[in-house]
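> the amino acid sequence is not available; the structure is as follows:
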């Protein structure tokens, strides 16, 4: 379970005056069923979630500042010339999963001018126009002026953006691939696999063949524990492998999302995807939503000596090669679950019992990440309670 410091709890807002009710009714042939209800005022508890929390625009007296023009600037342009990609705030939070269709339907609409209806982003159709991560927007054709979110930030030579996480990104031990291969965070850009055809909104993922590697623009990624450094830079670049794949494909779109907190196996390379259909490439993701994985154990200092960082709080993105890379979001990869499933929250692990129920109730009432088991991540609500009940009822193997 991750730490929650005082400042982040103040920002996220704990449940106050909460009331917890647990009812247990024995059931023949089963360990027992229960109904769990947690009431938290009139609204669910908001959390920052695993995504980057804010852009740091400068440093004043060694402290981060969040207002442009204050202190010594550390987030600054020139950013992308296209207005769609010049807002640093668009890298905060979860990336978009939908995008205006730029292949059809251009023209005026009430309130502005728009492309075609909003369609799913895939690993062969990346973000570019205004987008959304609200599934209810699928198929709609809103105007550009109606407040839909930009997809990300485009960098140019001489620019950089620094983001901060309320909860430190911790150095996950290498678990041999059981959950995260030791990956600590994932950076999403708008790279895509080149395919043998134009990808229309209705294209089956079983049809396109991947033909030309990844179309991408390298982005330099650096990290630090403190805003004033020291900063350490990865050899691996972002906005490359693995293109973002937000949606589950199972012979058709299921309406479910892939796991944003799970990395793709970092040992895979372009050759592993060459000649595959888009559907088979999604299979190789093994449920992950993609993005470039980063492991703090890969860091080295200026002399090439390994650097051992137990955690970091700041991520810096640059475009030193002038490739105009784009960044859409950065997510912290949590430690792998120690128990048999999402409900196995307390010792003894491998056994679902009242200790796990108590742990979930405590985490939910305290507004902790351990209770955030279901979409929408960052909000504790009935979906998380239902996910816990389902996992608990499934028992351990």
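Great, that's in hand. Every value quoted in this text rests on a predicted model; they were computed, and no experiment measured them.

> what residue ranges in the protein score low on pLDDT?
Low-confidence segments of the chain (pLDDT under 70): 1-48, 109-115, 143-148, 337-338, 377-378, 397.

> do a quick rundown of the helices in it.
Shown for the chain, the helices assigned by DSSP state H span residues 6-12, 270-273, 278-284, 354-366, 382-394.

> what's the second one in contact with?
Yep, that's helix 270-273 we're talking about. 193, 210, 213, 214, 241, 281, 284 (CB atoms under 8 Å, 6 or more residues apart in numbering). Just so you know, the C-beta spots here come from the backbone N, C-alpha and C atoms, and that holds for glycine as well.

> ok, back up a step: right, and the helices of the chain - which one's nearest residue 64?
In terms of CB to CB, the element of those nearest to residue 64 is helix 6-12, at 11.5 Å.

> can you lay out the helices of the chain as a markdown table showing mean neighbour count?
Listed next are the helices of the chain as a markdown table, based on neighbours: other CB atoms under 10 Å:
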| stretch | mean neighbour count |
| --- | --- |
| helix 6-12 | 13 |
| helix 270-273 | 13 |
| helix 278-284 | 19 |
| helix 354-366 | 19 |
| helix 382-394 | 18 |
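
> which one, of those, ends up nearest to residue 72?
Of all the helices of the chain, helix 6-12 sits nearest to residue 72, with 22.1 Å by CB to CB.

> possible to save the helices of the chain as a markdown table with distance to residue 205?
Putting the helices of the chain into a markdown table (distance: least, CB to CB, whole Å) gives the following:
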| stretch | distance to residue 205 |
| --- | --- |
| helix 6-12 | 37 |
| helix 270-273 | 13 |
| helix 278-284 | 4 |
| helix 354-366 | 36 |
| helix 382-394 | 27 |
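
> can you tell me how far the spatially most central residue of the chain is from residue 388?
When CA atoms, centre = their mean is applied to the chain, the residue found nearest the centroid is residue 331 (4.1 Å). Noted for residue 331: a distance of 22 Å to residue 388, by CB to CB, to the nearest Å.

> on that earlier part again, is it true that the residue nearest to the centre of the chain touches residue 260?
Yes: under the criterion of CB atoms under 8 Å, residue 331 makes contact with residue 260 at 5.7 Å.

> so how far is residue 175 from residue 211?
Taking CB to CB as the measure, residue 211 falls 34 Å from residue 175.

> what does residue 336 give?
Using CB to CB, residue 336 is found at 5 Å from residue 175.

> in this structure residue 154 contacts residue 86, no?
Yes: with contact defined as CB under 8 Å, residue 154 counts as touching residue 86 (6.7 Å).

> shared neighbours of those two, anything?
What both residue 154 and residue 86 touch, as defined by CB under 8 Å, 6+ apart, is the set 79, 80.

> same for the strand ranked longest in the chain, what does it pack against?
Criterion DSSP state E: the longest strand present in the chain is strand 160-170. On a contact count with 3 or more CB pairs under 8 Å, 6 or more residues apart in numbering; DSSP states H and E, strand 160-170 meets helix 6-12, strand 54-56, strand 311-318, strand 326-332.

> again, only using 6 Å
strand 54-56, strand 311-318 (3 or more CB pairs under 6 Å, 6 or more residues apart in numbering; DSSP states H and E).

> mind listing the strands the last one pairs with, and their directions?
Read it as strand 311-318. Strand 311-318 has its sheet partners listed here by DSSP bridges as strand 160-170 (antiparallel), strand 220-224 (antiparallel).
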